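**Q** pasted the sequence and its predicted model underneath.
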Amino acid sequence: MAKHLDSDDIENVVNALLEWPADSKLTWDRLLDAISHGYGLNTTRQTLEKKNRIKQAFNETKEYLSEKRTPKSKSLPPSLAIAGERLRKFERKIKLLEFENQKLLEQFQVWLYNAYRHNITIEQLSEPLPRNNDE
């Protein structure tokens, strides 16, 4: 039976996609193998696809890998190639985080509208969480 994914599992899968080797083809089956061996996470493609962060990271990585396979006219020194690869990884991570941020902003707008509809004030929404008395 496939395991339900918690936030750490999702983060691990996204990181595996961000670290995906440029010379390796990306498929759902290969991703499942990679996370099974790398993180001991046994799940299914359907479980992974249900998580927007994972699906977005998968699609972005596929797009990146297809662009990467186009021939380059110049060969770079190894140090520049490594730096360039690192920079591209950060750019991909930024793109993914911007997507997630947009989704959170959209969710916030829905909550704000619903709070307004149910006469909940900003002050009520901003009340701090109750403290744990066990501490």
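**A** Received, thanks. Numbering: from 1, shown residues only.

**Q** helix, strand, or coil at Asn59?
**A** Counting by DSSP: H, G, I helix; E, B strand; the rest coil, the backbone at Asn59 sits in helix.

**Q** go on, the one 3 residues further on?
**A** For Lys62, the assignment made with three-state DSSP gives helix.

**Q** for Asn42, same thing?
**A** When classified by three-state DSSP, Asn42 comes out as coil.

**Q** how about it, nearest residue that isn't a chain neighbour?
**A** Ser36 (5.6 Å; C-beta to C-beta, 6 or more residues apart in numbering). The way it works is simple: take the backbone N, C-alpha and C, and place the C-beta from them, glycine included.

**Q** and for the one you found, the neighbour number?
**A** Ser36: 12 surrounding residues under other C-beta atoms under 10 Å.

**Q** what's the mean pLDDT across the helix or strand where it lies?
**A** Using DSSP states H and E, Ser36 sits in helix 28-39. If you average the pLDDT over helix 28-39, you get 93.

**Q** off-centre distance for that helix?
**A** Here the centre of helix 28-39 is set off from its chain's centre by 15 Å, with C-alpha atoms, centre = their mean, to the nearest Å.
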